[in-house]
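K.L.:
Please find the sequence and the predicted model below.
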2 protein chains.
Amino acid sequence: MRGALPPRPTSRDVAERAGVSQATVSLVLRDRWHGRVSPARAEAVRAAARELGYRPNVAARTLRLGRSRTALVVVPALTNEFFARVHAGAVRVAAGDDVGVVLYTSPLETGPARDPFASAGATLDGVLASSMAAEALAVLSGEGLPLVMLDSEPGAGAAATVNPDIAAGMRLVARHLLSLGHRRFAHVAADVDSWTFRERARVLAAELAAVRGARLVGTRRAPIGVADGVLAAERALTAAERPTALVCDDDMLAVGAYKAARRLGLRVPDDVSVTGFDDLTVATAVEPELTTVRLPGEELGAAGMRALLAALRGESPGTTVLPVELVRRGSTAVPPGPAAPGTRE
Amino acid sequence: MRGALPPRPTSRDVAERAGVSQATVSLVLRDRWHGRVSPARAEAVRAAARELGYRPNVAARTLRLGRSRTALVVVPALTNEFFARVHAGAVRVAAGDDVGVVLYTSPLETGPARDPFASAGATLDGVLASSMAAEALAVLSGEGLPLVMLDSEPGAGAAATVNPDIAAGMRLVARHLLSLGHRRFAHVAADVDSWTFRERARVLAAELAAVRGARLVGTRRAPIGVADGVLAAERALTAAERPTALVCDDDMLAVGAYKAARRLGLRVPDDVSVTGFDDLTVATAVEPELTTVRLPGEELGAAGMRALLAALRGESPGTTVLPVELVRRGSTAVPPGPAAPGTRE
DNA sequence: CTGAAAGCGCTTACAG
DNA sequence: CTGAAAGCGCTTACAG
């Protein structure tokens, strides 16, 4: 694909210019020359490389070394801000260790994942995958590369798992709402078959079951997005038994819930409380600002990459759980009606 | 970095299993065998490859071929939804041509760009770069690789440029507001030194200059983001001469403007009209929904990649301009006060 | 129709 | 301290 470009200098060209052998060039440029090459020659090599604008051919190095210092990062979609943060964190840590990152966005919406390895265009040393649906996992682990999973079922055949504390996050949401006096909840759930969302549903149900009189009056599934969130929340809000709190699996769904409430003439939080998950930029863009669980996306990517790097060094990083935080803002309040708050917070 | 993994099969292993030479394996697997290898042997090779789970070593192929079928995509930041869309479009087109994409996010916020080629971890055939600040360009074009620029000054040493019609976009904004009767404008400008934002400022000034009585009462610069947008808009709104319209360079800045207005007790659009640029998800998340210019991010990335692919085939794709659209929503209205609309639309 | 051989650019034992 | 040589896995003239 490369046209009539000026031919790129090779290590041979550098060697010639510096008056040394190719071996010496390699030693010096890889910084393995101390005690093996005289300082004067080392300097000559560096000068020659600089003058020529020499850059080692990565393909040749990878072929020779059998490893590429490249990791594949797999996320469902980058247009989702959370995954963009995960990616940023992973890239930051990888760069610090001089490891490159190749990104693969698993096209969740466009059917089953195509082969991420075919499109990589690079030899890979390891894989970091986030929040994948169950089937996608099989493809990844089948490749035999060190694999670190993010926001996923622990111990599902990965060298390590790094998760935000999803259970704690949902527990904080439920207890916050319960302590405000809410008893009728609806769950606006992400219509995605993955551990992280199953976990949210499980914990919400468990927390409500533990409080007398508290109930889930409905669960509505929607693909993650504002428009689908509107539809799901609208149905939840117009059900026979109207909930006083809408627990949403994601901030985008929560924004949809705002819009649904508005359409129905309901005020947030006076008539209905709404909570999200993620703490995306949109959470503070809307009015009132959204009460949500802050998931440390950047840190998740960073910790995941650290675990992968450790696995590549032969260590066994195991499972890491990252703390999460409930950010209380204006979208939650005491429920309307005669009910007084049950517990105080 | 690879530990004690099962050794990956090579083309030699496939050849052995199929009872043919390595050359035949290569021919068959690259689909260059017609008329050169008998159908029976071709099938035997494919079967052997399948059974072994053979996957060609990309590094070796790249080294041999001198090209990698890999393009570098450079964007300022992926946490910005617009660039995530650009990336998605570029990846989509590249995948269709069996070209891989390596992503480099130029750390705008963390000082001068580090060398994107060092971190690439792959031999690159070409570069697609979006909305880069002027200095960043120099690094990219210096590499001697085919380069396509997106949303950038045309003819700045790139093989091709693909731009959304920024001038038309800003013209639509200005005329929309002018026809509503606005005469006092403030520009909440992105504090980024790049063509796309200079162009917005230029066209806004020109449009206002063309209408008697219309004026820019202030320009406030802010890094792209909600919090900085709030500050900038607050200053614009509290200046001696208060504008009736806030023209924002970006939807995030516009969201900041909403919040600033609210803090000051001003209603959008009754007291002040606000416009954005991009049409991000947030534009319809806020209330009232934002009047903004829809920039075709996905299509921009796709068209850019098409141009790069053409350049790599030796063609000269030149400059492409993509149409944009003004999306009128609830954030713009007739200005307050005695003023009657000037022109009708 | 098929195979043996050379070589892409690098790195690393190995010999001096 | 330094260099000649082998080889990573692939593809493509070239010879048969």
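P.N.:
Received the coordinates, thanks.

K.L.:
Find the nearest non-adjacent residue to A:Pro323, please.
P.N.:
Closest residue to A:Pro323 in three dimensions, ignoring its sequence neighbours and counting by C-beta to C-beta, 6 or more residues apart in numbering or on different chains: A:Asp165, at 5.7 Å. Yep, even glycine has a C-beta here, placed from its N, CA and C like the rest.

K.L.:
if I pick the one you found, what's in contact with it?
P.N.:
Contacts for A:Asp165 (C-beta atoms under 8 Å, 6 or more residues apart in numbering or on different chains) come out as A:321-324.

K.L.:
Among those, which one sits closest to A:Pro154?
P.N.:
Among the contacts of A:Asp165, A:Val321 lies closest to A:Pro154 (C-beta to C-beta), at 8.8 Å.

K.L.:
any idea which element that closest one lies in?
P.N.:
If you go by DSSP states H and E, A:Val321 is part of strand A:318-322.

K.L.:
One more: A:Val192?
P.N.:
Here A:Val192 is assigned to no helix or strand, by DSSP H and E.

K.L.:
May I have the predicted confidence score for it?
P.N.:
Per-residue confidence at A:Val192 stands at 89 (pLDDT).

K.L.:
can you list contacts of the strand holding A:Val321?
P.N.:
The contact list for strand A:318-322 (C-beta under 8 Å, 6+ apart) reads A:154-155, A:160-165, A:296, A:299-300, A:303, A:307.

K.L.:
The helix or strand where A:Leu172 lies versus strand A:318-322: what angle between them?
P.N.:
Secondary structure from DSSP H and E places A:Leu172 in helix A:166-180. Here helix A:166-180 runs at 30 degrees with respect to strand A:318-322, directions being taken by axes from the mean of the first three to the mean of the last three C-alpha atoms, to 10 degrees.

K.L.:
and the helix or strand following the strand holding A:Val321 with chain B, contact?
P.N.:
Sequence order places strand A:325-327 as the next helix or strand after strand A:318-322, per DSSP H and E. No. Counting by C-beta under 8 Å from any C-beta of the partner chain, chain B is not contacted by strand A:325-327; separation bottoms out at 15.0 Å.

K.L.:
In terms of secondary structure, what does the helix holding A:Leu172 contact?
P.N.:
Packing partners of helix A:166-180 (3 or more C-beta pairs under 8 Å, 6 or more residues apart in numbering or on different chains; DSSP states H and E): helix A:195-209, strand A:245-248, strand A:273-278, strand A:291-294, strand A:325-327.

K.L.:
ok, 7 Å please
P.N.:
Judged by 3 or more C-beta pairs under 7 Å, 6 or more residues apart in numbering or on different chains; DSSP states H and E, helix A:166-180 is in contact with helix A:195-209, strand A:273-278, strand A:291-294, strand A:325-327.

K.L.:
Mean pLDDT, distance to DNA strand C and mean neighbour count added to these, as a markdown table?
P.N.:
Listed next are the helices and strands packed on helix A:166-180 as a markdown table, based on pLDDT from 0 to 100; distance: least, C-beta to the nearest atom of the strand, whole Å; neighbours: other C-beta atoms under 10 Å in any protein chain shown:
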| stretch | mean pLDDT | distance to DNA strand C | mean neighbour count |
| --- | --- | --- | --- |
| helix A:195-209 | 97 | 40 | 18 |
| strand A:273-278 | 98 | 42 | 29 |
| strand A:291-294 | 98 | 43 | 24 |
| strand A:325-327 | 98 | 44 | 17 |
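
K.L.:
For DNA strand D, see how far away the one residue in the stretch 101-250 of chain A that gets nearest to DNA strand C is.
P.N.:
Minimum separation of the stretch 101-250 of chain A from DNA strand C (C-beta to the nearest atom of the strand) falls at A:Thr123, amounting to 12.4 Å. Applying C-beta to the nearest atom of the strand, to the nearest Å, the value for A:Thr123 to DNA strand D is 9 Å.

K.L.:
do the same with A:Thr196
P.N.:
Distance from A:Thr196 to DNA strand D, by C-beta to the nearest atom of the strand: 37 Å.

K.L.:
what residues does stretch A:194-212 touch?
P.N.:
For stretch A:194-212, contacts defined as C-beta atoms under 7 Å, 6 or more residues apart in numbering or on different chains pick out A:131-133, A:151-153, A:166-167, A:170-171, A:174-175, A:178, A:185, A:187, A:189-190, A:214-216, A:247, A:249.

K.L.:
Drop anything exposed from the residues you listed.
P.N.:
Neighbour-count burial (16 or more other C-beta atoms under 10 Å in any protein chain shown) applied to those gives A:131-133, A:151-153, A:166-167, A:170-171, A:174-175, A:178, A:185, A:187, A:189-190, A:214, A:216, A:247, A:249.

K.L.:
interface residues of the stretch 51-200 of chain A facing DNA strand C?
P.N.:
For the stretch 51-200 of chain A, the residues in contact with DNA strand C (C-beta under 7 Å from any atom of the strand) are A:54, A:56-57, A:60-61, A:63-65.

K.L.:
Could you rerun that using 6 Å?
P.N.:
Counting by C-beta under 6 Å from any atom of the strand, the stretch 51-200 of chain A comes close to DNA strand C at A:56-57, A:60-61, A:63-65.

K.L.:
Quick one: the residues you listed as a markdown table, columns for neighbour count too.
P.N.:
Listed next are these as a markdown table, based on neighbours: other C-beta atoms under 10 Å in any protein chain shown:
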| residue | neighbour count |
| --- | --- |
| A:Pro56 | 15 |
| A:Asn57 | 19 |
| A:Ala60 | 16 |
| A:Arg61 | 17 |
| A:Leu63 | 19 |
| A:Arg64 | 12 |
| A:Leu65 | 13 |
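
K.L.:
and chain B, which of those residues contact it?
P.N.:
A:57, A:60, A:63 (C-beta under 7 Å from any C-beta of the partner chain).

K.L.:
Return the closest of the residues you listed with respect to A:Ala95.
P.N.:
A:Asn57 (20.7 Å).

K.L.:
Leaving out chain neighbours, which residue sits closest to the closest one?
P.N.:
Excluding the flanking residues, the one nearest A:Asn57 by C-beta to C-beta, 6+ apart is B:Thr123, at 6.6 Å.

K.L.:
That neighbour touches A:Arg61, doesn't it?
P.N.:
No. Contact criterion C-beta atoms under 7 Å: B:Thr123 and A:Arg61 do not qualify, at 10.0 Å.

K.L.:
if we can go back for a sec, buried among the contacts of strand A:318-322? Need that as a selection in PyMOL.
P.N.:
In PyMOL, this line selects whichever of the contacts of strand A:318-322 come out buried by 16+ other C-beta under 10 Å:
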select buried, chain A and resi 160+161+162+163+164+165+296+299+300+303+307
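
K.L.:
Among the contacts of strand A:318-322, find the lowest-pLDDT one for me.
P.N.:
If you rank the contacts of strand A:318-322 by pLDDT, A:Gly155 sits at the bottom with 71.
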